[in-house]
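Quick check, what structure comes out for this input:
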Amino acid sequence: ALWDAESSQTLFDFRVVDLAEQIAPLAREPAQDSRPEREREASDWFEIGCDLELTCPEEARDAYRRGLEIDPEHADTHVNLGRLLHEIGDVGVAERHYRQALSIRPTDLTALFNLGVALEDAGRLREASLAYREALLANPDHADAHFNLAGVLERTGHKEHALRHLKAYRQLISERGQDSDDGSA
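Okay, the predicted model is just below:
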């Protein structure tokens with residue numbers, strides 16, 4: 001075990017990758033459906049993709065794609081597939097999936113926020129700013145949208161507006177800390 005001299009705490013080495021490799025076969029089991037593939041619905045493929053995301057992301061992407069072949073209007077599948085593609089660096093295709101989800105559900109908070117992140121990662125800061133603002137219209141208490149928008153505004157020279165969103169972020173985080181505080185020491 002590792003020990004942190006400053007805090008006098010023992011540190012544990014939780015390697016998620018190692019754990020994911022060990023549980024991958026277990027995650028595949030619920031994804032195995034006794035029905036023939038041709039009888040599965042888009043929602044079945046969505047659930048399979050969700051089950052496989054942490055341990056087998058490539059298989060999860062395939063499941064989401066199969067679901068979209070059946071139902072191209074399944075917004076949640078577009079969001080999840082977009083995120084998995086974004087994580088492997090395919091920002092352009094991820095953006096298309098987020099936009100497709102938004103064409104189905106225009107106020108989908110996750111799609112709006114993820115679109116902002118994708119556009120920011122692509123260096124399209126003005127568009128990212130708009131996506132984060134849309135996310136905040138959908139939910140003014142979305143702390144991460146305030147934080148990311150503050151960063152974009154600061155990089156584009158709008159420091160006063162950036163500070164306003166950073167202040168909102170800090171306020172929301174502070175409120176969450178107080179909400180979860182049960183008074184115990």
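
Please tell me how far residue 96 sits from residue 151.
Separation of residue 96 from residue 151 (C-beta to C-beta, to the nearest Å): 24 Å. In this view, the C-beta of every residue, glycine as well, is placed from N, C-alpha and C.

actually residue 135, not the one I wrote
Counting by C-beta to C-beta, the gap from residue 135 to residue 151 is 14 Å.

Could you do residue 81 as well?
For residue 81, the distance to residue 151 - C-beta to C-beta - is 26 Å.

neighbour-wise, which of these two wins?
residue 81 (28 against 18; other C-beta atoms under 10 Å).

My guess is that one contacts residue 66. True?
No - counting by C-beta atoms under 8 Å, residue 66 is not a contact partner of residue 81; they are 10.6 Å apart.

shared neighbours of these two, anything?
Between them, residue 81 and residue 66 share no contacting residue under C-beta atoms under 8 Å, 6 or more residues apart in numbering.

which stretches of this protein form strands?
Using DSSP state E, the strands of the chain run over 2-4, 9-11.

May I see the buried residues of the longest helix seen in the chain?
Ranked by residue count, the top helix of the chain under DSSP state H comes out as helix 159-179. If you call a residue buried by 16 or more other C-beta atoms under 10 Å, then helix 159-179 has these buried ones: 161, 162, 165, 166, 168, 169, 172.

Of those, which is the nearest to residue 142?
residue 172 (8.2 Å; C-beta to C-beta).

So the closest one versus residue 150, what's the distance?
Residue 172 is 12 Å from residue 150, where distance means C-beta to C-beta.

Please, where are all the helices along the protein?
So, for the chain - with DSSP H - the helices run 16-31, 42-52, 57-70, 75-87, 91-104, 109-121, 125-138, 143-155, 159-179.

next one: the shortest one to chain centre, how far?
In other words, helix 42-52. 16 Å (C-alpha atoms, centre = their mean, to the nearest Å).

and residue 90, how many residues sit next to it?
Residue 90, neighbours per other C-beta under 10 Å, totals 16.

Repeat that for residue 116.
Counted with other C-beta under 10 Å, residue 116 comes out at 27.
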